[in-house]
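Peer 1: the following comprises the amino acid sequence and a computationally predicted model.
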Amino acid sequence: MRNDMMADDYTFSINKNMNQFELVVDEDNIAFLEFYTDGKKIFLNHTEVPVDLRGRGIAAKLVEKSLAYCRENNLIVVPACSYVAHFIDDNPQWNDVLSEGYQM
């Protein structure tokens, strides 16, 4: 793994078996955002970034790409993860994907 990698160098994917969005650096370094769905609602539960990758904007990029996926697929986001809630609060352009009652 290169130390100078930026979030755009990572591969975004959806691991449906694990119910998580992922930014994959290599097989040993995967940032993930756990979710579960209930109809058109998607509950974003927990964001995790490997210690070696922290402080590089990886969590923000992961959440942004996950929210874009939700918007593109007409999913209604319930921000059960505090990081996701704070991210949306700081980036109100994502308010349109939130479940009613979760407007930040």
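Peer 2: Arrived safely, thanks for sending. Residues are numbered from 1 along each chain as shown.
Peer 1: now do the SS call for the residue most central in space within the chain.
Peer 2: In the chain, the residue lying closest to the centroid (C-alpha atoms, centre = their mean) is V63, at 2.8 Å. Using DSSP: H, G, I helix; E, B strand; the rest coil, the secondary structure recorded for V63 is helix.
Peer 1: that one against T47, yeah?
Peer 2: Yes. Assessed by C-beta atoms under 8 Å, V63 is found in contact with T47 at 6.6 Å. Using the backbone N, CA and C atoms, a C-beta is placed for each residue, glycine as well.
Peer 1: what sits in contact with each of the two?
Peer 2: Listed as contacting both V63 and T47 by C-beta atoms under 8 Å, 6 or more residues apart in numbering are 33, 83-84.
Peer 1: quick one, what contacts the residue nearest to the centre of the chain?
Peer 2: By C-beta under 8 Å, 6+ apart, the contact list for V63 reads 33, 44, 47, 83-84, 87.
Peer 1: can you rerun that using 6 Å?
Peer 2: 84, 87 (C-beta atoms under 6 Å, 6 or more residues apart in numbering).
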